[in-house]
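Asker: Give me a 3D structure for the following:
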Amino acid sequence: MSLYARIYRIVAQIPYGKVINYGSIASVTGCSARQVGYAMASIPHDLDLPWYRVVNSKGEISMRKQGQGDLEQKRLLLEEGVLFDSTGRIDLEHHGWQMSHDVLDGETLEFGD
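Answerer: Here you go, the predicted structure:
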């Protein structure tokens, strides 16, 4: 299975109302947080993934180079009940997803080879 397929498999399993940071996904997939970011920016349009549930290590939404993706991400997270403090941070103790390291052994999801 390709690196991006492993990343997408994890993202597909993030529960409603929870978030995870790029580095946590990187530690399970054996890549860098930056590579996870590249994968998130490259999600094929036909995959319905909760991309907005991936945040940076501070519990913040990372700014985008183009467009208003960060505003859309915040809107989607608020709709799921994820709260932000006055500095724009998410309480990772409350909203953080503690994935198990066998998350890639879970259900079969088709994301390429």
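
Asker: need the helix or strand of this structure with the lowest average pLDDT.
Answerer: When the helices and strands of the chain are compared on mean pLDDT, DSSP states H and E, helix 69-79 comes out lowest with a mean of 91.

Asker: my read: Ile25 touches Val54, true?
Answerer: Yes - at 7.0 Å, Ile25 counts as touching Val54 under the criterion of CB atoms under 8 Å. No exception for glycine: its C-beta is placed from N, CA and C like everyone else's.

Asker: which residues are common contacts for the two?
Answerer: 11, 36 (CB atoms under 8 Å, 6 or more residues apart in numbering).

Asker: Quick one: the helices in the chain, in order.
Answerer: 3-12, 22-29, 33-41, 69-79, 92-95 (DSSP state H).

Asker: Make a markdown table from these and add distance to Pro50 to it.
Answerer: Converted to a markdown table, these look like this (distance: least, CB to CB, whole Å):
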| stretch | distance to Pro50 |
| --- | --- |
| helix 3-12 | 6 |
| helix 22-29 | 13 |
| helix 33-41 | 11 |
| helix 69-79 | 8 |
| helix 92-95 | 13 |
